[in-house]
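Undergrad: no sequence on this one, just coordinates:
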């Protein structure tokens, strides 16, 4: 599993996860939309931590430096 998530992409994913988590826990997003936000945030955070995005592998994209 080679790294395909660069540093800028990683920061964006972490910020997205934090924002979605905040919106859910503050009550702005509730119900089904809240659950979807938590799942998307968890996936974004996980892919940022492991520096690997399976979707990038499928489409042949990399945001890491050469």
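TA: Sure, I can see it. Predicted model, so just to flag it, every value in this text is computed and none were measured.
Undergrad: ok, residue 51 - how many residues close by?
TA: For residue 51, the tally of surrounding residues (other C-beta atoms under 10 Å) stands at 17. Using the backbone N, CA and C atoms, a C-beta is placed for each residue, glycine as well.
Undergrad: centroid-nearest residue for the chain?
TA: Among the residues of the chain, the one closest to the centroid is residue 44, at 1.4 Å (C-alpha atoms, centre = their mean).
Undergrad: wait, residue 53 sits on residue 5?
TA: Yes. In this structure residue 53 lies within contact range of residue 5 using C-beta atoms under 8 Å: 5.4 Å.
Undergrad: helix/strand/coil for residue 2?
TA: coil (DSSP: H, G, I helix; E, B strand; the rest coil).
Undergrad: give the contact list for it.
TA: residue 52 (C-beta atoms under 8 Å, 6 or more residues apart in numbering).
Undergrad: the host helix or strand of residue 15 packs against which elements?
TA: Residue 15 belongs to helix 7-25 when assigned by DSSP states H and E. Contacts defined by 3 or more C-beta pairs under 8 Å, 6 or more residues apart in numbering; DSSP states H and E place helix 7-25 against helix 31-50.
Undergrad: the helix it packs on vs helix 7-25, what angle?
TA: Taking axes from the mean of the first three to the mean of the last three C-alpha atoms, to 10 degrees, one finds helix 31-50 and helix 7-25 inclined to each other by 150 degrees.
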